[in-house]
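> Need coordinates for the following:
(chains A and B)
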2 protein chains.
Amino acid sequence: MPTIVVEVMPKAELLDPAGKAVAGAIHRLGENRITDVRLGKRFELHVDGEVDDALLDTARQLAADLLSNGVIEDVVSVHVAQTVTAGA
Amino acid sequence: MPTIVVEVMPKAELLDPAGKAVAGAIHRLGENRITDVRLGKRFELHVDGEVDDALLDTARQLAADLLSNGVIEDVVSVHVAQTVTAGA
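Numbers count the residues shown, from 1 in each chain, chains lettered A, B, ... in the order given. Alright, predicted model coming up:
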């Protein structure tokens, strides 16, 4: 079963307190090469049947309208993954 | 500045109520080819300098120990992205 993966990240100009907290935890563990962390969302849309261009367009529309908040988030990727990772 | 992307998804055998809610919303909009939705997390670890194998191993260890809860989540990917999407 094909899967459409939608990736949403907080906009670069926003603070992202959750990502900052993770970065702080990583630094306390002594790993200072990682300077900053951003925490976003990853949706897997499981599709019944084949993914055609029309469905991918629909997914892009859903990503912009429903899966992300355009005020604070950017949709960074909408792509098809043939391997369903959640079933691994 | 290179970025290590860590992707974490809820385990397949768990219910994932947030994903179910999104799937319900998509179905109410009339899109029934998308049968199921899973909602996971996507971390961007911004790295100062080059990403070598040792740092990638460290990132894999952080992904398993700090960025995911092994009881309910799987780390599905740890990879390097040269383009910093959050800066787009």
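> Verify the stated contact: residue A:10 with residue A:38.
Yes - applying C-beta atoms under 8 Å as the test, residue A:10 and residue A:38 come out as touching, 6.1 Å apart. The C-beta positions use only the backbone N, C-alpha and C, and glycine is treated the same way.
> Looking at those two, which is more packed in?
When neighbours are counted by other C-beta atoms under 10 Å in any protein chain shown, residue A:10 and residue A:38 differ, and residue A:38 comes out ahead with 26 against 22.
> Now name the helix or strand holding that one.
In this assignment (DSSP states H and E), residue A:38 forms part of strand A:34-47.
> tell me which residues in that strand are buried?
Within strand A:34-47, the residues scored as buried using 16 or more other C-beta atoms under 10 Å in any protein chain shown are A:34, A:36-47.
> what element comes up after it heading to the C-terminus?
helix A:53-62.
> Tell me the buried residues in that next one?
A:55, A:58, A:59, A:62.
> For the residue nearest to residue A:41 when sequence neighbours are not counted, give me its contacts.
Closest residue in space to residue A:41, ignoring its immediate chain neighbours: residue A:8 at 4.5 Å, by C-beta to C-beta, 6 or more residues apart in numbering or on different chains. Residues in contact with residue A:8, defined by C-beta atoms under 8 Å, 6 or more residues apart in numbering or on different chains, are A:40, A:41, A:42, A:43, A:63, A:67, A:68, A:73, A:74, A:75, A:76, B:42.
> Return the closest of those with respect to residue B:15.
residue A:43 (16.0 Å; C-beta to C-beta).
> Could you pull up the residues touching that closest one?
A:5, A:6, A:7, A:8, A:63, A:67, B:19, B:22, B:37, B:38, B:39, B:40.
> Show me what the residue nearest to residue A:41 is bridged to.
On the basis of DSSP bridges, residue A:8 is bridged to residue A:41, residue A:75.
> Perfect, I'm done here.
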